[in-house]
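Participant: Could you work out the structure for the sequence below:
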Amino acid sequence: MRADDDIDTAKTKLSEYFKQSPVPFPVLFDKYNVVAKQFGVVSADGRSVSLPQIFLLDKDGRLVQSTAKFEEASETIEKRFGGGGLEGP
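Facilitator: Below is the predicted model of the structure:
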């Protein structure tokens with residue numbers, strides 16, 4: 001099996017998931033882990049990514065926070081912007 005076959009299968013599964021569970025924000029399919037490497041969430045061997053991940057970026061696109069914990073992201077949003085943070089699932 002070619003590596004691209006694995007990628008195509010993953011992309012198909014991801015697309016199907018979001019058809020059934022749409023979200024109100026863009027979702028990135030990082031075929032070659034370029035973004036995952038930039039944000040430090042790819043494994044040492046480069047084959048897997050720690051998911052889920054929440055990335056908070058400022059208005060200039062700089063990383064403010066990277067976390068897998070919804071509560072941490074919500075707390076950061078509340079501290080920086082006030083209000084109630086994120087709504088839970």
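Participant: Next one, pLDDT for the residue positioned nearest the centre of the chain please.
Facilitator: By CA atoms, centre = their mean, the chain has its centre lying nearest to residue 53, at 4.3 Å. On pLDDT, residue 53 comes in at 78.
Participant: Surely it is in contact with residue 67?
Facilitator: Yes - proximity of residue 53 to residue 67 meets the contact threshold set by CB atoms under 8 Å, at 7.3 Å. All C-beta spots, glycine's among them, are computed from the backbone N, C-alpha and C.
Participant: tell me the mean pLDDT for the top helix by length along the chain?
Facilitator: Ranked by residue count and defined by DSSP state H, the top helix of the chain is helix 3-20. Per-residue pLDDT values across helix 3-20 average out to 81.
Participant: tell me which residues in that helix are buried?
Facilitator: Buried residues in helix 3-20, counting neighbours by 16 or more other CB atoms under 10 Å, are absent.
Participant: Put the alpha carbons of it into CSV.
Facilitator: C-alpha atoms of helix 3-20 as CSV (Å, rounded to 0.1, in the frame of the first residue of the first chain):
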residue,chain,number,x,y,z
ALA,A,3,1.5,6.3,1.6
ASP,A,4,-0.9,8.3,-0.6
ASP,A,5,-3.5,5.5,-0.2
ASP,A,6,-3.4,6.0,3.6
ILE,A,7,-3.7,9.8,3.1
ASP,A,8,-6.6,9.4,0.7
THR,A,9,-8.4,7.0,3.1
ALA,A,10,-7.9,9.4,6.0
LYS,A,11,-9.2,12.4,3.9
THR,A,12,-12.3,10.4,2.8
LYS,A,13,-13.0,9.4,6.5
LEU,A,14,-12.5,13.0,7.6
SER,A,15,-14.8,14.4,4.9
GLU,A,16,-17.5,11.8,5.8
TYR,A,17,-17.2,12.7,9.5
PHE,A,18,-17.7,16.4,8.8
LYS,A,19,-20.7,15.8,6.5
GLN,A,20,-22.4,14.1,9.5
